[in-house]
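# sequence-free structure coming up:
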């Protein structure tokens, strides 16, 4: 049966695929494990698996925090109550206890601390990876590194502006003068014109 496939193959790639398939079939029949190292069998993601798992945990804990806050504010729907019971499973906390609000607050704070710790772990990895890549690029192609550093950051990804600077800038520009006194618009326009 293999001979007919090999005779019909037109190039080396087809022959390689046929032989690999045959070897894989034989290994499955005899129960041997075949190393797939070096073959493009699975797509690897640029994001590490541990980071994806942590981001999933963060999303689950954020949803749990939302449900706990709903319960604390008086929402007693069955789905919310079931989630709160699952959150306190394995503990001796009953939902009818008088100090349930304190226990809810403690649990929410614990979850927020876990989320913050996971976020810091991801942030440390991202910063370390960025430094490593920049160092490697500096060693290989300094010009490209400096060009990449000169590019402006995409809007919304940079650090937040300082609130005091923003307020000072708005006060300096006198933004509200045109809104409060629209009658004096022409003199305001002349004073702001830069010609």
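That came through fine. From a predicted model like this one, the values you see are computed outputs, not experimental measurements.
# got the contact list for stretch 2-18?
With contacts defined as C-beta atoms under 8 Å, 6 or more residues apart in numbering, stretch 2-18 is touched by residue 22. Glycine gets a C-beta too; all of them are placed from N, C-alpha and C.
# pull the distance from that stretch to the chain's centre.
Its chain's C-alpha centre and that of stretch 2-18 lie 45 Å apart, by C-alpha atoms, centre = their mean, to the nearest Å.
# could you do stretch 85-92 as well?
Counting by C-alpha atoms, centre = their mean, stretch 85-92 comes out at 29 Å from the chain centroid.
# what element comes up after the helix or strand containing residue 82 heading to the C-terminus?
In this structure, residue 82 sits in helix 78-87 according to DSSP states H and E. The helix or strand immediately downstream of helix 78-87 is helix 100-140, counting by DSSP H and E.
# how far does the helix holding residue 82 sit from its chain's centre?
In terms of C-alpha atoms, centre = their mean, the gap separating the centre of helix 78-87 from the centre of its chain is 27 Å.
# please apply the same query to stretch 68-81.
Centre-to-centre, stretch 68-81 and its host chain are 28 Å apart (C-alpha atoms, centre = their mean).
# may I see the buried residues of that stretch?
For stretch 68-81, burial by neighbour count (16 or more other C-beta atoms under 10 Å) applies to 68, 70-71, 80.
# same deal with stretch 131-140?
residue 137.
# angle of the helix holding residue 82 against helix 100-140?
Relative orientation of helix 78-87 and helix 100-140, computed by axes from the mean of the first three to the mean of the last three C-alpha atoms, to 10 degrees: 80 degrees.
# for helix 78-87, name the packing helices and strands.
In this structure, helix 78-87 packs against helix 49-72, with contacts taken as 3 or more C-beta pairs under 8 Å, 6 or more residues apart in numbering; DSSP states H and E.
# list of residues touching the helix it packs on?
By C-beta under 8 Å, 6+ apart, helix 49-72 touches 45, 80-81, 83-84, 87, 101, 104-105, 107-108, 111-112, 114-115, 118-119, 121-122, 125.
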